[in-house]
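> generate a structure from the sequence data that follows.
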Amino acid sequence: MELILKTDVPNLGLADEIVVVRPGYGRNFLIPKGMAILATPSAKKNHAETMRQRAHKLEKIKNDAIALAEQLNGKKLSIGAKTSTSGKIFGSVNTIQLAEAIQSQLGIEIDRRKIAIKGDHIKETGTYSAKIKLHKDVTAELEFDVVSE
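Model prediction:
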């Protein structure tokens, strides 16, 4: 029995895959639970069209991420922080402050959860770098200086 999976099923397959299962498993478990639909010729045709459109949309998203990465690569930001006389920062610089600096200085809005600062915590002034994951295949490198205000 051929089925098109609607959700990920452990030990069987991922969503939108066409799989072959025993008739009882498909009829009595997968279809009633809404995990799969019967792979009729019309359902296969709809599935192929959906996959083609989804691939087109994903390609556009990836191209947008590549364009954004080209804008970010090689840029250098400056983040101000309150420091002591020895150059130690009161508190630390984190991804929230970096995302705000990207927004204010470059005019690009990036979610802070996509930013990974190299090293644990930034507690001193200096030059640091961060990786920004824009897409599962696209990352950008960004350098920034932490200066005292």
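> and the helix ranked longest in the chain, what does it pack against?
Ranked by number of residues, the top helix in the chain under DSSP state H is helix 41-72. Here helix 41-72 is seen to pack against strand 2-5, helix 95-106, strand 139-148 when contacts are counted using 3 or more CB pairs under 8 Å, 6 or more residues apart in numbering; DSSP states H and E. C-beta coordinates here come from the backbone N, C-alpha and C atoms, glycine included.
> pick the most buried one from those.
Among the helices and strands packed on helix 41-72, judged by mean count of other CB atoms under 10 Å, the one packed with the most neighbours on average is strand 2-5 (a mean of 20).
> partner strands of that one and their direction?
Strand 2-5 has these partner strands in its sheet, going by DSSP bridges: strand 18-20 (antiparallel), strand 36-38 (antiparallel).
> buried ones in the last one?
Neighbour counts using 16 or more other CB atoms under 10 Å place 36-37 of strand 36-38 among the buried residues.
> before we move on, back to that, out of the helices and strands packed on helix 41-72, nearest to Arg112?
Between Arg112 and those, the shortest gap by CB to CB is with helix 95-106, which sits at 4.2 Å.
> what lies in contact with that closest one?
Residues outside helix 95-106 that contact it (CB atoms under 8 Å, 6 or more residues apart in numbering): 71-72, 75, 77-79, 81, 108-113, 115-117, 130, 142, 144.
> nearest to Lys62, out of the strands paired with strand 2-5?
With CB to CB as the measure, strand 18-20 is the member of the strands paired with strand 2-5 nearest Lys62 (24.6 Å).
> same question for the closest one, mean pLDDT?
When pLDDT is averaged along strand 18-20, the result is 96.
> next secondary structure after that strand?
Beyond strand 18-20 in the direction of the C-terminus, DSSP states H and E gives the next helix or strand as helix 23-25.
> can you tell me how far the spatially most central residue of the chain sits from Leu5?
Centrality entry for the chain: nearest residue to the mean C-alpha point is His135, 4.7 Å, by CA atoms, centre = their mean. The span separating His135 from Leu5 equals 25 Å under the rule CB to CB, to the nearest Å.
> contact partners for Pro41?
Pro41 touches nothing, counting by CB under 8 Å, 6+ apart.
> let me know the outermost residue of the chain.
What lies farthest from the middle of the chain is Thr85; by CA atoms, centre = their mean that is 39.6 Å.
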